[in-house]
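Asker: With the input below, show me the fold.
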Amino acid sequence: QVRLEESGGGSVQAGGSLKLSCVVSGYTYKTYSMAWFRQAPGKEREGVVGISSDGTTRYADSVKGRFTISKDNEKDTLYLQMDSLKADDTAMYYCAADPNWDTLLRGAANYWGQGTQVTVSS
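Answerer: Here you go, the predicted model:
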């Protein structure tokens, strides 16, 4: 059974940092593309950043230069380092995985975590 479990969310002041983690199990981690999505109250879910199985990354313009995605293949863990956080970054953050890069980027991934809340106060 495929499972994605996020952690690392919390409350932080604007300008601060947080690092999210997503531990994956139940599939061949290295062959899947993965991404972070977020959804703020009253808004649609949006893609934050994706990383393909070969390491290609794609960032949303709103987070370029502030967020960094990375993987630890030995630990089967995906990370999201978030720096210079803004109030607009407040949302529930979800980890997603799919063997198809395009499917993942469209937000139609087969596998999703339960989410971790990030709250940034100004």
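Asker: Low-confidence stretches in the protein?
Answerer: Residue ranges of the chain with pLDDT under 70: 28-29.
Asker: For the most centrally placed residue in it, which residues are in contact?
Answerer: Central residue of the chain (Cα atoms, centre = their mean): W36, 2.1 Å from the mean position. By Cβ atoms under 8 Å, 6 or more residues apart in numbering, the residues touching W36 are 20, 22, 47-50, 69, 78, 80, 93-96. Bear in mind the C-beta positions are built from the backbone N, C-alpha and C, glycine included.
Asker: What distance do you get for the residue nearest to it when sequence neighbours are not counted to K30?
Answerer: In space, and not counting its chain neighbours, W36 is closest to V48: 4.3 Å by Cβ to Cβ, 6 or more residues apart in numbering. Between V48 and K30 the computed distance is 21 Å (Cβ to Cβ, to the nearest Å).
Asker: Looking at those two, which has the bigger crowd around it?
Answerer: V48 (23 against 10; other Cβ atoms under 10 Å).
Asker: so the more buried one makes contact with A40?
Answerer: No: applying Cβ atoms under 8 Å as the test, V48 and A40 come out as separate, 11.6 Å apart.
Asker: Now do the helices in this structure.
Answerer: With DSSP state H as the criterion, the chain has helices at 101-105.
Asker: quick one, strands of it?
Answerer: 3-7, 10-13, 18-25, 33-39, 46-51, 57-59, 67-72, 77-82, 91-98, 111-112, 116-121 (DSSP state E).
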